[in-house]
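# Coordinates for the following, if possible.
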Amino acid sequence: MRILAISAAVVLAAALPVGAADTCALRKAFGHVPEAVLACPQPELAQFIDMSVLRGLAGADLRRRSVSGAAVGHDRTWQAAAIDKAVEQHVDNLPKGCDVPDDPIAPLAIHDLPIGEDTAAREALLLKLPCKGEISVYLLSDDEGTVSEIRLLTPFVANMGEVDPDSGPARDQVRIDWHETRHVSQPDYDEDRRVLSSRVQWPGEDGSYSAALWGFRDGRFQLMQFAVDANRNGQDDPEILFKSQLW
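Numbering: from 1, shown residues only. The predicted structure follows:
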């Protein structure tokens, strides 16, 4: 079965958060857009959206802003091509274990993620793409046409079923395996802090889980923190097993 990559126009429309029936708001990655263009198109018309409408708005409001809030860099007319290229790469190179989509897909979320510092930074979009169930994968697509896979060095608790809160702290019981993965379970991304998080539910009904944080630093995501909650007491009380000194 041939997998289709959805057009940039449909991607931009599909990336809008669910809102009222007649209007919707662009994600903060694309800045403020006048209400006149917020009408959500009907699905059958989405492929005919004139991208020049959005590109024409790519002035000061759509430019990347530095940490200080000052607009820097060139305007954002590159982003439609960056989204198209990332979606195409995703469907052509699905990670092992991801479901093969039957229909055209769109990013689940799109975030600003400049690479570098201040005016020397390369502009880029971080795209969250569907994999399987609550698992997603991420791609970084920049204004120079480069698409990069986000690979994460991740601790994994190999003996989840053996950790017993009555036998002492989890840190004295867990056996950690390290692996590099593209799979991110129940992900969330904090655009302001540039921090990606993941939460892995352990087997069973007791609510035990492990959680990781990665911060974007020196052009890549690096592990900031790893914690587990194996208390089985109904409270959200994770025990930190690793914390980087870089943050």
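
# Near the closest residue to Asp237 other than its chain neighbours, how many other residues are there?
The shortest distance from Asp237 to any residue other than its chain neighbours is 5.4 Å, reached at Asn231 (C-beta to C-beta, 6 or more residues apart in numbering). Quick note: C-beta positions are derived from backbone N, CA and C, even for glycine. The number of residues packed near Asn231 is 18, by other C-beta atoms under 10 Å.

# So for the helix or strand hosting His179, what gets flagged as buried?
Using DSSP states H and E, His179 sits within strand 176-181. Neighbour-count burial for strand 176-181 flags Thr181 (criterion: 16 or more other C-beta atoms under 10 Å).

# Next secondary structure after it?
Next along from strand 176-181, by DSSP H and E: strand 184-185.

# can you list the residues that contact that next one?
With C-beta atoms under 8 Å, 6 or more residues apart in numbering as the test, strand 184-185 has contacts from Glu134, Ile135, Ser136, Val137, Tyr138, Leu152, Leu196, Ser198, Arg199, Val200, Gln201.

# which residue ranges form the helices in this structure?
With DSSP state H as the criterion, the chain has helices at 8-14, 43-46, 51-55, 79-92.

# didn't the residue nearest to Asp237 look like it was pressed against Pro165?
Yes. Using C-beta atoms under 8 Å, Asn231 is in contact with Pro165, at 5.2 Å.

# returning to what we had before: which of the contacts of strand 184-185 are buried?
Ile135, Ser136, Val137, Tyr138, Leu152, Leu196, Ser198, Arg199, Val200.

# Among those, which are located in strands?
Ile135, Ser136, Val137, Tyr138, Leu152, Leu196, Ser198, Arg199, Val200 (DSSP state E).

# quick check: domain ranges of the protein?
8-149, 152-243 (automatic domain parsing).

# And the strands in the protein?
Under DSSP E, the chain gives strands at 109-112, 124-132, 135-142, 147-149, 152-157, 176-181, 184-185, 188-190, 195-201, 209-217, 220-229, 239-243.

# I'd like to know which of those lies nearest to Val87.
Closest of the strands of the chain to Val87 is strand 124-132, at 7.4 Å (criterion: C-beta to C-beta).

# Return the distance of Thr181 relative to Ile83.
Thr181 sits 24 Å away from Ile83, going by C-beta to C-beta, to the nearest Å.

# between the strand holding His179 and strand 220-229, how big is the angle?
140 degrees (axes from the mean of the first three to the mean of the last three C-alpha atoms, to 10 degrees).

# what helices or strands is strand 176-181 leaning on?
strand 152-157 (3 or more C-beta pairs under 8 Å, 6 or more residues apart in numbering; DSSP states H and E).

# partners of the strand it packs on in the sheet?
Strand 152-157 sits in its sheet next to strand 176-181 (antiparallel), going by DSSP bridges.

# okay, and the helix or strand of this protein with the least pLDDT?
The weakest-scoring helix or strand in the chain, judged by mean pLDDT, DSSP states H and E, is helix 43-46 (a mean of 33).

# and the contacts of strand 184-185, which two are the farthest apart?
Tyr138 and Gln201 (20.0 Å).

# Which one, of the strands of the chain, ends up nearest to Pro101?
Minimum separation from Pro101 across the strands of the chain (C-beta to C-beta) falls at strand 124-132, 7.3 Å.

# between the closest one and strand 135-142, how big is the angle?
160 degrees.
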